[in-house]
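> sharing a model that was predicted from the sequence below.
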Amino acid sequence: MIAIGRPVHEALQLPDFGDLTTGFRPYQERQTMVIPSTAANIAAPSASLELDADVLVIGGGPAGTWAAISAAGKGAKVVLVDKGFCGSSGATAPSGTGVWYVPPDPVRRAKAMNSRWDLGGRLADPAWMRRTLDRTYENVNHLAEWGYPFSDDGNGRSIRTSLDGPDYMRLMRKRTKSAGVKILDHSPALELLRDETGAVAGATGVRRQKGDTWLVRAGAVVIATGGCAFLSKALGCNVLTGDGLLLAAELGAELSGMEFSSAYAMALEGGSVTKTRFYEWATFTFEDGSPIPGAASKGGRSVIAKALATQRVFAQLDKADAETEQAMRYAQPNFFVPLDRVGIDPFKQRFPVTLLLEGTVRGTGGLRIVDNGCATTVPGLYAAGDAATRELICGAFTGGGSHNAAWAMSSGFWAGGSAGDYGQQYRGRNRRYVRAGGVGIADGSGRAIDAAALTRSVQDEVHPYDRNYQRNGEKLEDSLGRLDGLWSGIRTAQAASLGEAQRTREGVAMLATSRWMYRSALSRTESRGMHKREDFPKKDDAQLHYTTTGGLDEVWIGRERAPSPELEVLAA
Amino acid sequence: MIEVISEDRCTGCNICVNVCPTNVFDTVQGGIPVIARQDDCQTCFMCEVYCPDDALYVAPQATQVTGVTVAELERQDLFGSYRKSIGWVRGGRPRPTPEIMSRLDHH
């Protein structure tokens, strides 16, 4: 399909350099830094709506809203953009989540940290676990002060270890607005802006319900765009297409842990509600009713994945009694609504299930963080929530549920705070603004990208259980051959039209993400945490490192030393 | 996915157009919104939850259209059932006793 209409760059172009700078002053390009510039991205960018801010937050889920509130608390002028609606967008809002909320009692804290240590393949960093537990405790207590309706345990104590998504995110939107943050909904970011030094300087995108463009010049940018679930329709995940990873990588940001991206969650067949916990009370059977040997939600999910590759799998929550059912219906009502609507009693009847890819949403890979303020390797660019690596607190095992929730509010708080401090130093300073975006929105000589076809091609490589869940070197190489070929085919595409720009960039982001994932997976020749290699089924303790990656035309792989603390340090 | 906007219930407030994370609805001048991009629906139920008039119905099937009608939904009293289930209703949801809730611990 050839895109029609005006290319987005044409729509964006109104070269009026005077508007973009405050107090014109000639700049000097640093001789030491080589920045690739194309004809398309060298022109001074402009848009229908232009704003100046100290901090731009991209993404309005838990991490983004915490970042915005934290940055505003530093006195920064903040703009938050969400490609959907801040308050309903993302994996948290339509769901409920546990929170890694542990009171500051040394014994309980040590237990909480130790319980994840081995599960995470010993790649978590105890120092980060500790500070995340501290920060989460503080932030959740703020939620109580802000009026979050925590339940009472019957003895006058409020229960703060779980949050209802709709309530939590409605409150976060309200708090973000009352902190003075300007929110742009339905405003996907398409590319970052940089200045003459290579530091991030804002972003541009489209306002899809208005059919025009936005541009925010900012001293600092927080990427809080979530992980990448490859449009699998896992609950709330179809806005999570790796957009922020692509934006950051185009400025040279690095990623870490992208091999930990093979998370799948259980749902009613054909459904979307990926709540896996209650399947711990399930018995799994084949279509004929015979039990599936070794199948379990915990510790036997790969058996289910293997079975699903060739046949239907059924579940029944037959290990739960009437009182447990009552507790379940209260704890996770949205688990039951789809079943109720199709007339299934999951306690008395068998029902077909499926596993939906949650990729890096419930995996742990993401943008590499290089300091306590959640800075990336690009000056002025910060990462938070599922867009950032969660290996620091989860290692190689899923960050899903309570750990991701704790990480989102903690990393959001840190990233927003440091971006707030950093961003304000650019106030009143003259900068040159240059587009940093690439494939799909920069002018090229090739045909425009067919976003739907590109998306299907990427999904064909990352959705199948026998490629992503159970990995092996041969299949990874096979997929990478096709994925690299896809990249070669689109890298010179002409810019998408305004109407197609978002889908095009989502397709490009998913393709880039899949290549970082599989290249990282190929380099880790062992099985650790969620990363399972059929050809290397055992753990190899010579590989206790973080796998770093990045690059677009050429995907590179590196290694960073993981902390290997003594166990007594962990227990302290 | 989103299947039904009840013309009888909908007051045209357009909240669903705004809150849908995947931009499925379009406003209509002088009328109630339409489901313009059903394929983009991710079956997250947020439109239903936010609808003040219980005028929307999201079928739990994410990959196919069931063709359910307003009359059937009214008969089965399904409008607003998602919102009620999560407690976005006056008085919230009654919490079972601590003893019962503890059945979910340490399983």
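Thanks, I have the structure now. Please read these numbers as outputs of a predicted model, since none were measured by experiment. Numbering: from 1, shown residues only, chains lettered A, B, ... in the order given.
> which stretches of the stretch 251-400 of chain A form strands?
Using DSSP state E, counting those that start in this stretch, the strands of the stretch 251-400 of chain A run over A:255-256, A:263-268, A:283-285, A:313-316, A:351-358, A:366-367, A:381-383.
> so which of those gets nearest chain B?
Checking the strands of the stretch 251-400 of chain A against chain B by C-beta to the nearest C-beta gives strand A:263-268 as the closest, at 6.8 Å. Where you see a C-beta, it was placed from the backbone N, CA and C, and this is true even at glycine.
> which strands and helices sit next to the closest one?
helix A:301-308, strand A:351-358, helix A:359-362 (3 or more C-beta pairs under 8 Å, 6 or more residues apart in numbering or on different chains; DSSP states H and E).
> and among those, the most buried is which?
helix A:359-362 (a mean of 31; mean count of other C-beta atoms under 10 Å in any protein chain shown).
> for A:Glu191, see how far away the residue nearest to the spatial centre of chain A is.
Centrality entry for chain A: nearest residue to the mean C-alpha point is A:Gly227, 1.9 Å, by C-alpha atoms, centre = their mean. Distance of A:Gly227 to A:Glu191, given as C-beta to C-beta, to the nearest Å: 20 Å.
> can you check B:Cys47 too?
On the measure of C-beta to C-beta, B:Cys47 and A:Glu191 end up 30 Å apart.
> what residues does the stretch 151-300 of chain A have near chain B?
Applying C-beta under 8 Å from any C-beta of the partner chain, we find that the stretch 151-300 of chain A lies next to chain B at A:151-155, A:164, A:166, A:185-186, A:208-209, A:233, A:235-239, A:268, A:270-273, A:280-281.
> filter those residues down to the buried ones and hand me the ChimeraX line.
Listed next is the ChimeraX selection for buried residues among those, using 16 or more other C-beta atoms under 10 Å in any protein chain shown:
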select /A:151,164,166,185,186,208,233,235,236,237,238,239,268,270,271,272,273,281
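> quick one, what contacts the residue in the stretch 51-200 of chain A that chain B sits nearest to?
For the stretch 51-200 of chain A and chain B, the shortest gap (C-beta to the nearest C-beta) falls at A:Gly84, measuring 3.1 Å. Residues in contact with A:Gly84 (C-beta atoms under 8 Å, 6 or more residues apart in numbering or on different chains) are A:Gly60, A:Gly90, A:Asp185, A:His186, A:Val239, B:Cys20, B:Pro21, B:Thr22, B:Asn23.
> ok, and the closest non-adjacent residue to the third one?
For A:Asp185, ignoring the flanking residues on the chain, the nearest one in space by C-beta to C-beta, 6 or more residues apart in numbering or on different chains is A:Phe85 at 4.7 Å.
> now do that neighbour: how many residues are near it, please.
Other residues near A:Phe85 number 26, with proximity taken as other C-beta atoms under 10 Å in any protein chain shown.
> surely it touches B:Thr22?
No - with contact defined as C-beta atoms under 8 Å, A:Phe85 does not reach B:Thr22; the gap is 9.7 Å.
> distance check, the residue nearest to A:Asp185 against A:Gly236.
In terms of C-beta to C-beta, A:Phe85 sits 12 Å off from A:Gly236.
> what touches both of those two?
B:Pro21.
> so where's chain B uncertain?
Applying pLDDT under 70 to chain B flags the ranges B:106-107.
> ok, now with 90
For chain B, applying pLDDT under 90 flags the ranges B:85-95, B:98, B:102, B:104-107.
> and the pLDDT for A:Pro563?
A:Pro563 carries a pLDDT value of 79.
> revised request: answer the last question for A:Phe24.
29.
> ok, the one 4 residues further on next?
A:Gln28 carries a pLDDT score of 31 in this model.
> contacting residues for the residue lying closest to A:Gly551 once chain neighbours are set aside?
Leaving aside its chain neighbours, A:Gly551 sits nearest to A:Ala249 (7.3 Å; criterion: C-beta to C-beta, 6+ apart). Contact analysis of A:Ala249 by C-beta under 8 Å, 6+ apart lists A:Leu255, A:Ala512, A:Gly550, A:Gly551, A:Leu552.
> my read: B:Leu73 touches B:Tyr57, true?
Yes - judged on C-beta under 8 Å, B:Leu73 makes contact with B:Tyr57 at a distance of 5.3 Å.
> overlap in contacts of the two?
Common neighbours of B:Leu73 and B:Tyr57 (C-beta under 8 Å, 6+ apart) are B:Val4, B:Ser6, B:Phe79.
> next step: those residues restricted to helices.
Within the shared contacts of B:Leu73 and B:Tyr57, no residue falls in helices by DSSP state H.
> now do the SS call for the residue positioned nearest the centre of chain B.
The centroid of chain B falls nearest to B:Glu48 when counting by C-alpha atoms, centre = their mean (2.1 Å). On the three-state scheme (DSSP: H, G, I helix; E, B strand; the rest coil), B:Glu48 is labelled helix.
> isn't it up against B:Tyr82?
Yes - counting by C-beta under 8 Å, B:Glu48 touches B:Tyr82, with 4.7 Å between them.
> need the residues touching each of the two.
Joint contacts of B:Glu48 and B:Tyr82 (C-beta under 8 Å, 6+ apart) are B:Val58.
> which is the next helix or strand following the helix or strand where A:Thr97 lies?
Using DSSP states H and E, A:Thr97 sits in strand A:96-98. Downstream of strand A:96-98, the first helix or strand assigned by DSSP H and E is helix A:106-117.
> show me where the stretch 51-200 of chain A has helices.
With helices called from DSSP state H, counting those that start in this stretch, the stretch 51-200 of chain A shows them at A:62-73, A:106-117, A:126-145, A:165-178.
> in the last one, what counts as buried?
So the one you mean is helix A:165-178. Per 16+ other C-beta under 10 Å, helix A:165-178 contains these buried residues: A:Gly165, A:Pro166, A:Asp167, A:Tyr168, A:Met169, A:Arg170, A:Leu171, A:Met172, A:Arg173, A:Arg175, A:Thr176, A:Lys177.
> next: the second one.
Of the residues in helix A:106-117, those with enough neighbours to count as buried (16+ other C-beta under 10 Å) are A:Arg109, A:Ala110, A:Ala112, A:Met113, A:Arg116, A:Trp117.
> any chance of the strands of the stretch 251-400 of chain A in TSV, plus mean pLDDT?
Converted to TSV, the strands of the stretch 251-400 of chain A look like this (pLDDT from 0 to 100):
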stretch	mean pLDDT
strand A:255-256	98
strand A:263-268	95
strand A:283-285	98
strand A:313-316	98
strand A:351-358	97
strand A:366-367	98
strand A:381-383	98
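> save those strands as JSON lines, and put in distance to A:Gly444 too.
Shown next, in JSON lines, are those (distance: least, C-beta to C-beta, whole Å):
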{"stretch": "strand A:255-256", "distance to A:Gly444": "25"}
{"stretch": "strand A:263-268", "distance to A:Gly444": "34"}
{"stretch": "strand A:283-285", "distance to A:Gly444": "49"}
{"stretch": "strand A:313-316", "distance to A:Gly444": "45"}
{"stretch": "strand A:351-358", "distance to A:Gly444": "30"}
{"stretch": "strand A:366-367", "distance to A:Gly444": "26"}
{"stretch": "strand A:381-383", "distance to A:Gly444": "25"}
